[in-house]
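Q: Okay, here's the prediction I keep looking at, along with the sequence it came from:
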Amino acid sequence: MTVLPVPAPGRTPPRALTIAGSDSGGGAGIQADLRTMAMSGVHACVAVAAVTMQNTTGVTGVHPVPPEIVAGQIRTVVQDIGVQAAKTGMVAEAPIIEAIVETCIGIGIGGGRGSAESHDGAPRCAVPLVVDPVCASMHGDPLLKPHSLAALRDLLVPLADLVTPNLDEVRLLTGVDVTDGATQRDAARALVGLGARWALVTGGHLRAGADGPTGESTDLLFDGRDWFEFSGPRVHTGDDHGGGDTLAAAITCALATGAAMPDAVAHGKDWVTRCLRWAYPLGAGHGPVSPLWRLQ
Ligand SMILES: Nc1ncnc2c1ncn2[C@@H]1O[C@H](COP(=O)(O)OP(=O)(O)O)[C@@H](O)[C@H]1O
Ligand SMILES: Cc1ncc(COP(=O)(O)O)c(N)n1
C-alpha cells in the first residue's frame with residue numbers, strides 16, 4: 001500500500017479531519033497534514049486549534065483558538081461532510097483538549113481501548129482517531145501549555161485509537177526514557193496502559209548505534225497483545241520539519257480508506273520515509289519533509 005488509490009474523476013474521495021495548529025512557515029502542523037492528505041487522494045477537513053507564528057528557525061508566537069470555535073469546526077464538518085478518520089496534532093492547552101474530547105465523544109470519533117467492542121461485545125464503528133501528542137516544536141519551542149500535559153495524557157490519549165509520540169513526547173507522557181529496543185517496548189506498554197488502543201513509538205530520534213548496524217529507523221506498534229516493527233532506511237537530513245505530522249497524517253489517510261491498523265502504519269512509515277528523502281532546504285533553519293515525490 002505505498003500509495004492509496006486515486007479517486008475516479010467526479011467521485012467523492014475518503015474524508016479525513018485534522019485538528020491541529022497552523023504553521024505559518026508551511027512545514028508542519030495543519031499545512032503538513034493538508035499536503036499529505038491531498039497527495040494521498042483524501043479530502044481534508046480542518047479544525048484549527050491554534051495559530052503559530054513560525055518559520056524554519058522556530059516559533060515566536062502562539063494564539064490558541066477559543067475552545068468553542070475548535071469544537072464548532074469539528075461538529076460543523078462532521079455533520080455535513082462526514083469523515084472516515086481523524087487526527088489531532090498541536091492542541092495548545094487544556095480547555096481546547098477538553099472541548100475536543102467532549103465533541104469527539106459526542107459524535108463518535110475515537111474511543112481508545114474502549115473502542116474495540118461495545119458493552120454488548122459487538123464491534124464498534126467509531127471513526128478512528130490518531131493522536132499525535134505534540135508538546136514542542138523540533139526547535140524546542142513549547143506548543144502545549146505546561147499545565148496541560150495532564151489533560152493530554154488523561155483525556156485525549158485514552159480516546160486515541162493510535163497514539164504516535166516521538167521520544168521526547170514519550171518521556172513526558174510516560175516517564176520512560178527510550179534509548180534502545182527494550183525501553184521502546186516499555187514505552188509502548190505504558191502508552192497502552194494510559195488507554196490508547198494502539199501505541200506507535202517512533203524510533204527516528206534513537207541515538208546512533210541504538211538502531212543496530214544497518215542504520216535503520218524502527219517504529220514499534222503495540223496493542224497490548226501483539227507487536228509489530230516497521231523499519232525504514234535512516235535518511236541523513238536536517239530537513240525533517242513536519243516528519244511526525246506527516247507520518248500521523250498518512251496513517252490517518254490509510255485508516256480513512258478502511259485499512260487495518262498495522263497496514264495503515266506500514267503505509268505511513270513508507271510514506272514518511274519517501275517524504276524524508278524528498279525533504280528540501282528552506283529558510284535559515286530546518287526545511288520540511290515533502291510529499292512532492294507523489295507528483296513524479
Ligand atoms: N532521519 C530519519 N530517517 C528515517 N526515518 C526517520 C528519520 N527521522 C525520523 N524518521 C521517521 O519519521 C517518522 C517521524 O519521526 P518522529 O521522530 O516521530 O518525528 P517528530 O519528531 O517530527 O515527531 C517516524 O516514522 C520515524 O521513524
Ligand atoms: C503547528 C505545529 N504543529 C506541530 C509541530 C511539530 O512539528 P516539528 O516537530 O517538525 O517542529 C509544529 N512545529 N507546529
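A: Good, I have the coordinates. Ligands and ions are numbered 1, 2, ... in the order given.

Q: When you work out contacts or count neighbours from here on, use the C-alpha atoms and nothing else.
A: Will do.

Q: what's next to the helix or strand Ile251 falls within, contact-wise?
A: Using DSSP states H and E, Ile251 sits in helix 243-256. With CA atoms under 8 Å, 6 or more residues apart in numbering as the test, helix 243-256 has contacts from 4, 14-16, 28-29, 32-33, 36-37, 40, 42, 83-87, 89, 128-132, 164, 166, 261, 263-265, 267-269, 271-272, 276, 288-289.

Q: Scan the chain for its longest helix.
A: When the chain is parsed with DSSP state H, its longest helix is helix 261-277.

Q: does ligand 1 sit close to that one?
A: Yes. Interface with ligand 1: helix 261-277 contributes Lys269, Val272, Thr273 (CA under 6 Å from any ligand atom).

Q: any idea which of the residues you listed has the most stuff around it?
A: The most crowded member of the residues of helix 261-277 next to ligand 1, judged by other CA atoms under 10 Å, is Val272 (27 neighbours).

Q: Which positions in the protein make contact with ligand 2?
A: Counting by CA under 6 Å from any ligand atom, the chain sits next to ligand 2 at Gly21, Ser22, Asp23, Ala28, Gly29, Thr52, Met90, Ser137, Met138, His241, Gly242, Gly243.

Q: so what pLDDT did the third one get?
A: Looking back up the chat, that one is Asp23. On pLDDT, Asp23 comes in at 98.

Q: Do I have it right that it meets Val48?
A: No. Taking contacts as CA atoms under 8 Å, Asp23 lies outside contact range of Val48: 10.6 Å.

Q: Residues touching the longest helix of the chain, excluding its own?
A: With CA under 8 Å, 6+ apart as the criterion, helix 261-277 contacts 1-3, 221, 228, 230-233, 235, 237, 239-240, 243, 246-252, 254-255, 289-293.

Q: What residues sit buried inside it?
A: 261-262, 264-277 (16 or more other CA atoms under 10 Å).

Q: so how far is it off the chain centroid?
A: In terms of CA atoms, centre = their mean, to the nearest Å, the centre of helix 261-277 is set 12 Å apart from its chain centre.

Q: hmm, back to that, need the max-distance pair from the buried residues of helix 261-277.
A: Greatest spacing in the buried residues of helix 261-277, by CA to CA: Met261 and Arg277 (24.4 Å).

Q: Show me the shaky parts of the protein.
A: 1, 115-125, 207-214 (pLDDT under 70).
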